[in-house]
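Colleague: below: sequence and its predicted model.
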Amino acid sequence: MDCIFCDIIEGRSEAEILYQDENIISFLDIRPVNYGHTLVITKKHFDNFLSIPPNELNYLMKGMQFVASAVIKSVNADGFNLILNSGKAAGQTIFHFHFHIIPRYLNDFRFKPDFKRYSDGAIKEFADKIRSELNKQKDSFYG
């Protein structure tokens, strides 16, 4: 498997590593949206958000909170975005599960989504489909 993040973890590729422990590693993104843009990843390879076990995700979230606090304070940001791209259609380009911590400043840039409106009855149809799938998966998820 060819994974740049696995190469960084193993020391085969360079990165500006900010923090690491036995389970996670964080480093600066080489194509930052804003300076200080940081990635936090699991040391074990998981392709995306849906493939990571809950215990790994819980640990990663704690580490991400720790790293985000330091990043934001050190670059004097006004806030930050946590971004997760899961799947090619969502913009994931490296298929090793990771989060982006993007420092934000007042008036730096705007996300401008194209908000949709549900037609009559469509909101209930979508809700019913999602609830049905949740009910199918509930027992296996919470086991």
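Modeller: In hand now; what should we look at?

Colleague: which strand is the longest one in this protein?
Modeller: For the chain, the longest strand by residue count, based on DSSP state E, is strand 98-104.

Colleague: what pairs with it, and is each one parallel or antiparallel?
Modeller: strand 38-42 (antiparallel), strand 79-83 (antiparallel) (DSSP bridges).

Colleague: check the gap between residue 14 and residue 27 for me.
Modeller: Between residue 14 and residue 27 the computed distance is 9 Å (C-beta to C-beta, to the nearest Å). Glycine gets a C-beta too; all of them are placed from N, C-alpha and C.

Colleague: next one: residue 52
Modeller: As judged by C-beta to C-beta, residue 52 and residue 27 stand 19 Å apart.

Colleague: okay, these two: which has more neighbours?
Modeller: A side-by-side neighbour count of residue 52 and residue 27, using other C-beta atoms under 10 Å, places residue 27 first with 21 against 17.

Colleague: which SSE is the more buried one in?
Modeller: Element membership of residue 27, judged by DSSP states H and E, is strand 24-28.

Colleague: likewise residue 6?
Modeller: Using DSSP H and E, residue 6 maps to helix 4-9.

Colleague: which strands and helices lie in contact with that helix?
Modeller: If you count contacts as 3 or more C-beta pairs under 8 Å, 6 or more residues apart in numbering; DSSP states H and E, helix 4-9 packs onto strand 24-28, strand 38-42.

Colleague: now the angle between strand 98-104 and the first one, please.
Modeller: Right, strand 24-28. For strand 24-28 against strand 98-104, the angle by axes from the mean of the first three to the mean of the last three C-alpha atoms, to 10 degrees is 40 degrees.

Colleague: now the helix or strand just after the longest strand of the chain: average pLDDT?
Modeller: Sequence-wise, the next helix or strand downstream of strand 98-104 (DSSP H and E) is helix 122-142. Helix 122-142 carries an average pLDDT of 87.

Colleague: with just CA atoms, put helix 122-142 into CSV.
Modeller: Extracted in CSV, the C-alpha atoms of helix 122-142 (Å, rounded to 0.1, in the frame of the first residue of the first chain):
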residue,chain,number,x,y,z
ALA,A,122,-39.2,15.5,1.1
ILE,A,123,-37.7,16.3,4.5
LYS,A,124,-39.9,13.5,6.0
GLU,A,125,-38.9,11.1,3.2
PHE,A,126,-35.2,11.7,3.8
ALA,A,127,-35.6,11.5,7.6
ASP,A,128,-37.5,8.2,7.2
LYS,A,129,-34.8,6.7,5.0
ILE,A,130,-32.1,7.7,7.5
ARG,A,131,-34.0,6.5,10.5
SER,A,132,-34.6,3.1,8.8
GLU,A,133,-30.9,2.7,8.1
LEU,A,134,-30.1,3.7,11.7
ASN,A,135,-32.4,1.1,13.0
LYS,A,136,-30.8,-1.6,10.8
GLN,A,137,-27.3,-0.7,12.0
LYS,A,138,-28.0,0.1,15.7
ASP,A,139,-27.5,-3.4,17.1
SER,A,140,-24.3,-4.0,15.3
PHE,A,141,-22.9,-0.5,16.0
TYR,A,142,-23.6,-0.5,19.7
